[in-house]
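Chemist: Need coordinates for the below:
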Amino acid sequence: MKTIISTIVVLVILALLGYVYAGSGNYNIGADVPHWPATYRFLSMVRSRSIQHQAESVSVPKLNDPALILKGAGQYAAMCTGCHLAPGMHDSELRAGLYPQPPVFDQQPIDPREAFWVIKHGIKLTAMPAWGATHDDQTIWSIVAFVRTLPGMTPAQYKDIVAKAPPDEDMDMGHDKDDMHDMHSH
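Modeler: Just a heads-up that it's a prediction; the model follows:
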């Protein structure tokens with residue numbers, strides 16, 4: 001019994017010391033200074049496990065529809081390449097300042113359920129926004145469908161599919177069509 005009480009006391013003291021240190025402002029949260037290795041491993045584990053757990057209940061629709069993939073190509077080109085790059089891109093001004101570095105999708109396969117969940121909900125304390133706030137599920141699935149085609153895609157193939165992508169009617173800076181009409185009629 002003494003061992004259990006001693007362990008609890010030590011854990012409470014360590015938690016309090018951690019809280020005091022965090023509250024002191026001494027931990028540098030600047031994106032240009034990497035986390036301590038143990039902190040990075042812990043946060044990476046929390047992120048990975050959370051995404052896996054949250055995505056377990058996501059039902060994946062048919063993702064090989066060419067129209068869905070084509071729509072996703074336009075979405076990806078407009079919203080994702082600054083961070084996740086595109087075939088033939090090696091870096092971007094935005095990506096160079098991000099920590100942790102976002103995954104590059106033309107170099108690795110993705111789990112569609114996890115990709116959908118991350119695109120829809122974003123990831124706290126990273127640059128990954130919650131696109132579900134401005135995009136419907138069908139649009140998010142189009143991005144997932146397209147991202148699945150990226151591994152092995154050449155820069156020329158990427159340029160070709162993006163050029164064929166339909167215009168995005170949803171990317172009107174948050175205004176509905178009536179607001180856009182009113183803005184252009186004045």
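
Chemist: Closest to the centroid, which residue in the protein?
Modeler: Geometric centre of the chain, nearest residue: M128, 3.9 Å, by C-alpha atoms, centre = their mean.

Chemist: That residue against W117, yeah?
Modeler: No. The pair M128 / W117 is not scored as a contact, 11.2 Å apart, by C-beta atoms under 8 Å. No exception for glycine: its C-beta is placed from N, CA and C like everyone else's.

Chemist: Helices of this structure, start to end?
Modeler: Under the criterion DSSP state H, the chain contains helices at 2-24, 37-55, 66-79, 81-84, 93-96, 112-121, 137-147, 155-164, 177-185.

Chemist: Reformat these as JSON lines; add mean pLDDT and distance to P102.
Modeler: JSON lines is the format used below for these (pLDDT from 0 to 100; distance: least, C-beta to C-beta, whole Å):
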{"stretch": "helix 2-24", "mean pLDDT": "94", "distance to P102": "26"}
{"stretch": "helix 37-55", "mean pLDDT": "96", "distance to P102": "12"}
{"stretch": "helix 66-79", "mean pLDDT": "97", "distance to P102": "12"}
{"stretch": "helix 81-84", "mean pLDDT": "96", "distance to P102": "4"}
{"stretch": "helix 93-96", "mean pLDDT": "93", "distance to P102": "7"}
{"stretch": "helix 112-121", "mean pLDDT": "98", "distance to P102": "10"}
{"stretch": "helix 137-147", "mean pLDDT": "98", "distance to P102": "12"}
{"stretch": "helix 155-164", "mean pLDDT": "97", "distance to P102": "17"}
{"stretch": "helix 177-185", "mean pLDDT": "38", "distance to P102": "31"}
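
Chemist: Would you reformat those as CSV and include distance to A31 and mean neighbour count?
Modeler: As requested, those are exported to CSV (distance: least, C-beta to C-beta, whole Å; neighbours: other C-beta atoms under 10 Å):
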stretch, distance to A31, mean neighbour count
helix 2-24, 18, 10
helix 37-55, 13, 12
helix 66-79, 20, 19
helix 81-84, 13, 18
helix 93-96, 11, 11
helix 112-121, 19, 21
helix 137-147, 24, 22
helix 155-164, 28, 14
helix 177-185, 35, 10
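
Chemist: That's all I had, so thanks and see you.
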